[in-house]
Structures are given as structure tokens and as C-alpha cells.
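>>> give me a 3D structure for the following:
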Amino acid sequence: MSNRVYVLAQFKPKAGKEAELFEILKALEPDSYREEGCVQYLLTRQITHPSASNNEFTIVFNEIWESPEAWSAHGRRKQIQHFFTSQVEAETGLVEDVMVTAYTDEGSDYDKPIFE
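Okay, here's the model as predicted:
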């Protein structure tokens with residue numbers, strides 16, 4: 001069974017603040033990649049494409065963590081907590097809204113092979 005956690009951390013910037021917010025979020029990448037259990041921590045920006053829908057959450061971290069515990073540890077880092085305090089919770093922050101969702105790659109009722 002896989003313990004990996006796939007996370008989409010989606011950010012809706014305040015009006016006119018997308019470029020500035022992108023740079024602040026980009027600064028979180030290097031240290032996050034150093035964390036134990038971090039497989040991927042990639043900041044992306046929404047593009048217009050005929051095969052895709054657009055929404056107001058134009059900046060997204062695409063994260064893969066080796067385990068739920070590794071992802072939880074990431075959220076306890078001072079750098080991550082400071083970002084949420086200063087940019088999401090504070091009135092002066094650049095984030096209007098945020099949506100963080102987590103996924104697994106395990107199917108429901110997966111018929112896992114038994115090794116004897």
C-alpha cells in the first residue's frame with residue numbers, strides 16, 4: 001500500500017497581486033525540497049488552454065509527500081506557518097482565498113496481492 005499524499009495547494013491572489021504572490025510562494029520551494037519525505041513541491045501558474053477550464057485559484061503548489069506524517073511535518077515548519085499568518089490570515093496579505101486538498105493513489109477496495 002502506498003502512503004504517499006498528493007496535495008494541491010491552490011491560491012486565489014488579491015486583485016493585481018498575482019505576480020508578487022507567485023514570487024513569495026516560489027521562495028518556499030528550495031527549503032521544502034530539502035525536507036525528509038518531500039518528493040515534489042512544484043509551484044505552477046494557471047494558463048489558458050482549449051482543453052482546460054480556468055478558475056480564480058491561479059497559483060497552485062503540486063506536492064507529493066512520502067507519507068501523511070511528512071506532509072504534517074511540512075505544515076509545522078516556521079517558514080510555512082509564517083506564510084499562512086502573513087499572507088493568508090493577515091488583512092494585508094496577498095491571498096484572497098486558499099484551498100488545500102489531499103489525495104491518495106490507492107483505489108477504493110483495492111485488491112492488493114498477497115505474498116506468501
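>>> how about the strands in this structure?
For the chain, the strands defined by DSSP state E cover 5-13, 38-45, 59-65, 95-103.
>>> nearest to E89, out of those?
Closest of those to E89 is strand 95-103, at 8.9 Å (criterion: Cβ to Cβ). Glycine gets a C-beta too; all of them are placed from N, C-alpha and C.
>>> which elements pack onto the closest one?
Packing partners of strand 95-103 (3 or more Cβ pairs under 8 Å, 6 or more residues apart in numbering; DSSP states H and E): strand 5-13.
>>> give the buried residues for the strand it packs on.
Within strand 5-13, the residues that count as buried by 16 or more other Cβ atoms under 10 Å are V5, Y6, V7, A9, Q10, F11, K12, P13.
>>> stretch 73-92 too?
In terms of neighbour count (16+ other Cβ under 10 Å), stretch 73-92 has its buried residues at A73, H74, I80, F83, Q87.
>>> now the two most distant members of those residues.
Longest span within the buried residues of stretch 73-92, Cβ to Cβ: A73 and Q87, 20.7 Å.
>>> just the buried residues of strand 5-13 now: which is nearest F61?
Checking those against F61 with Cβ to Cβ, the nearest one is A9 at 4.1 Å.
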